[in-house]
Structures are given as C-alpha cells and as structure tokens.
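Asks: sequence-free structure coming up:
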C-alpha cells in the first residue's frame, strides 16, 4: 500500500479547508469516504463539498442499520461522510467491499484504535485450557479451533482471526482496529495535530503501516500540502493570547503527579472541595465571567459518570476532556483545565512492551491544546486560562518554545 499521508498542522491552519478543496478539485470518477468525530462535521462536509454529493448515515431513519446502509452505498460507489463510531465497527465484509473499489479515505482526527476486549480473565483461561486460542511470540492471539462455530466467544473468534487481538501481560486481551482496512484504499489521508503524540501513531508503527508527515500552507486563496515544518506554527504568537494564571490557586497541585487520574481517585474530600472552590474563584472572582463565557473540565468519576467536582453557577460550562472538532464554544474566554494528563496505563505498557516508546508529555500538551482550542482563541482572540497542574503549565510553556 502507499504511505499514509498525515497532515499534521495546528488547529485553524486549514486542514479541513484543504480536504474540502481536494475533494472539490478531484475528478468525478474519484470516490471518497470522509470520517469525522462528530455529527456537526458530517453536516459541514456535506454542505462544503460542492463538486459532489455526499451520503451520510446522520439520519434517524438509519438507526440500527447504519453499517448495512454504509455497505450498500460502497456497493453503489457513492461518496460517503460518516463518524468514527461507525467506522470503528469495520468488519471483514466491509474490507472486502472496499478492496479495489477506488476509494480515498480522509480520516479527520485520530480514532480510538485500541481498547480492552470484553472478556474476563477467567474466560481467557478457559479458552487457553481448551486450546481454542493460542498466543504467538508477538503475544498476538491466534484462534486455534476449527470446531467452534458460534457462541459466547464468537466476537473473540472474529477478532483473533482478523489478527487484532493481543494477550497483555497474562491478564487481559487488547483489541486493535483491523490494520488491513488501511491497505484497501487507494489513498489514506489523516488530518490531525502533534501526530507524534497520538496513540494512532504508535498503532501505525505496531502494524508496520508507513506514513509521511505533511504541513498545510495557504497561498492566496489556495491551500497546499508542504513538507512538514512545525516551526511555521507560530506557537509564540498563540501563547501570547493565553493569559495563564500564576498564583496561590495553583498551590494544591505543585507535585508533578497532582491532578492525574490516580491522584484524583485517591484525593481526600477536602482536596476535592478545594479544587471546586479554586475553580469557582478563578472563573467568578479572577475573571468575573458569566456561565456562557466559560469552559472548565476535569476527569469524570468512573461510577457516577459526573465530573469529579461541582462548580457552582458554572455546571453548564463543563466540557469533557476529549473535546475536539467542534466550534460550538468559539465565544468562550475564561477557561479552567483542572487535570494532569497521562496516557492510560494499559495503552502505554501495551506499546512499550512491544518496543514502541510513548511520549507522555507530548500527549498531555496535545490534548490540552485541543481542548483550549474550542474557545475563542481559535478566532485569534485572547483567553484567560486556569491550569493548576504545575506539570501541565510547564509543558504548555515548553510547547510554546518548541522544546517538545
């Protein structure tokens, strides 16, 4: 297969505009599948690409049969725009339909390409003892039984036969998105920022999928791909738009690991209360901001699904940590990012066990920037930012100076 083209360019530089231009300029016989994180972007692509008509599953009429509809459209040779959530359900039939079908895949932002498989440790042991599965030298799970047809482990059988399951440290199975799907497209284009920090980069390396980085530049009214050059991002100018709070409200998070997932899980009630009070203090007293002018975030509680803290008067301003590719908050200017981002342990050790190093610092600043970019900074306007984690503040400054 050809190398995957990774358009690695800072938010607002024109990645999506280039993709729209690319599709508008393409000959009529070219076919595209555009995959984006959110339904809003589905609508945007359908309206922006004027040279061809895109079909999308963003319709209640298709509920419960979206994959069937997607496969039918591929058979018809249609241009398609859909979401990550649907594309992640790709199966052997979809791969077969896409083979030699002449499609270009444009993947807007990275996907969740690895996950823990839904099987208990006891059931894994049952399968191993019954010699239904074997584990090869790469720790890849191989389905070893021709007798088993269908039952409670049918999904495990399918994943193993597709080569997408790994046995992880003798404890659980890791699922990875089927890598061969990238080989059935004529071209694959991945739009993102700070790709070196993304789990999808490590996934490409795990499966020996070759890629090349490109930047996007604007010449007059045209967008063009150019050799990758991060020094053209204007980081210093962007950082000047951020009024980064430095003061006593940061004292609670001086330790390097403070506000990490583990720290928050083990925090005492008075620490959680202090975090809530500090966040409120910043938004209300330091910024004098109304709810509609603010955004704040923190890790959600595993059991309740609610944010770890409650910030009075600003409950409606909460925006989850992984927010990307939405323009709905482009008027917000008072921000509080009350978190210290590290890679999930199972993701980190999974890749590191296979000789692939994970850059935790770059991952942290990448996710922070994506979240901050939901605000009005995307319009070149200044913001105020409460970033109590000492580690996260130092990483943001290091990014601005091209030190990471």
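Replies: Arrived safely. Keep in mind the model is a prediction, meaning the values are calculated, not measured. Residues are numbered from 1 along each chain as shown.

Asks: now the strands for the stretch 101-250 of the chain?
Replies: 103-108, 114-116, 133-135, 141-143, 165-168, 172-176, 187-192, 211-219, 222-227, 242-244 (DSSP state E, counting those that start in this stretch).

Asks: Could you list the domains of this structure?
Replies: For the chain, automatic domain parsing gives the domain ranges 4-113+178-232, 115-176, 236-400.

Asks: Select from these the stretch with the lowest mean pLDDT.
Replies: Lowest mean pLDDT of the domains of the chain: domain 115-176, a mean of 82.

Asks: Phi, psi for residue 30 please.
Replies: Main-chain torsions, residue 30, degrees, to the nearest 10: phi -70, psi 140.

Asks: any chance of the domains of the chain in JSON lines, plus mean neighbour count?
Replies: From N, CA and C alone the C-beta is placed, and that goes for glycine too. Formatted as JSON lines, these follow (neighbours: other CB atoms under 10 Å):
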{"stretch": "domain 4-113+178-232", "mean neighbour count": "17"}
{"stretch": "domain 115-176", "mean neighbour count": "15"}
{"stretch": "domain 236-400", "mean neighbour count": "17"}
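
Asks: re the thing from before, what about the strands of the stretch 101-250 of the chain, which gets the closest to residue 20?
Replies: Closest to residue 20 of those, according to CB to CB: strand 222-227, at 8.8 Å.

Asks: So what touches that closest one?
Replies: Contacts with strand 222-227, where a contact means CB atoms under 8 Å, 6 or more residues apart in numbering, come from 5, 7, 14, 17, 18, 21, 214, 215, 216, 217, 218.

Asks: now do stretch 284-297
Replies: By CB under 8 Å, 6+ apart, stretch 284-297 touches 245, 249, 279, 283, 307, 311, 313-314, 316-321, 323, 329, 331-339, 371, 374-375, 384, 386.

Asks: cutoff 6 Å now
Replies: Residues from elsewhere that reach stretch 284-297 (CB atoms under 6 Å, 6 or more residues apart in numbering): 279, 283, 314, 316-317, 319, 321, 329, 332-337, 384.

Asks: out of the residues you listed, who's nearest residue 76?
Replies: The shortest approach to residue 76 among the contacts of stretch 284-297 belongs to residue 329, at 37.3 Å (CB to CB).

Asks: Where do the strands of the stretch 301-404 of the chain begin and end?
Replies: 334-337, 383-386.

Asks: and of those, who's closest to residue 142?
Replies: Nearest of the strands of the stretch 301-404 of the chain to residue 142, taken as CB to CB: strand 334-337 at 43.3 Å.

Asks: follow-up on the earlier one: now distance to residue 54 too, for the strands of the stretch 101-250 of the chain, in TSV please.
Replies: TSV is the format used below for the strands of the stretch 101-250 of the chain (distance: least, CB to CB, whole Å):
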stretch	distance to residue 54
strand 103-108	11
strand 114-116	28
strand 133-135	41
strand 141-143	37
strand 165-168	34
strand 172-176	29
strand 187-192	16
strand 211-219	21
strand 222-227	19
strand 242-244	36
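
Asks: wait, which of those is closest to residue 352?
Replies: Smallest distance to residue 352 across those (CB to CB): 11.5 Å, for strand 165-168.

Asks: Who are the packing partners of that closest one?
Replies: The criterion is 3 or more CB pairs under 6 Å, 6 or more residues apart in numbering; DSSP states H and E, and the helices and strands that strand 165-168 contacts are strand 172-176.

Asks: Please determine how far the residue of the chain most remote from its centre is located from residue 334.
Replies: Distance from the centre of the chain peaks at residue 147, with 38.8 Å (CA atoms, centre = their mean). Separation of residue 147 from residue 334 (CB to CB, to the nearest Å): 63 Å.

Asks: Present the strands of the stretch 301-404 of the chain as a markdown table; the columns should include distance to residue 78.
Replies: Output for the strands of the stretch 301-404 of the chain, formatted as a markdown table (distance: least, CB to CB, whole Å):
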| stretch | distance to residue 78 |
| --- | --- |
| strand 334-337 | 41 |
| strand 383-386 | 41 |
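
Asks: and of these, who's closest to residue 158?
Replies: strand 334-337 (39.5 Å).

Asks: The closest one pairs with which strands?
Replies: Under the criterion DSSP bridges, strand 334-337 sits next to strand 294-297 (parallel), strand 383-386 (parallel) in its sheet.

Asks: Other residues contacting that strand?
Replies: The set of residues external to strand 334-337 that reach it, using CB under 6 Å, 6+ apart, is 279, 282-283, 287, 289, 293-297, 375, 383-387.

Asks: Mind telling me the two of these farthest from one another?
Replies: The span of those, defined through CB to CB, is set by 293 and 387 at 17.7 Å.

Asks: what sits against the nearest residue to residue 165 once chain neighbours are set aside?
Replies: Nearest residue to residue 165 in three dimensions, chain neighbours excluded: residue 141, at 3.9 Å (CB to CB, 6 or more residues apart in numbering). Contact analysis of residue 141 by CB under 6 Å, 6+ apart lists 133, 160, 165, 167.

Asks: got it, and residue 190?
Replies: 4, 6, 107.

Asks: Turn the residues you listed into TSV, columns for distance to residue 200.
Replies: TSV is the format used below for those (distance: CB to CB, whole Å):
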residue	distance to residue 200
4	10
6	9
107	9
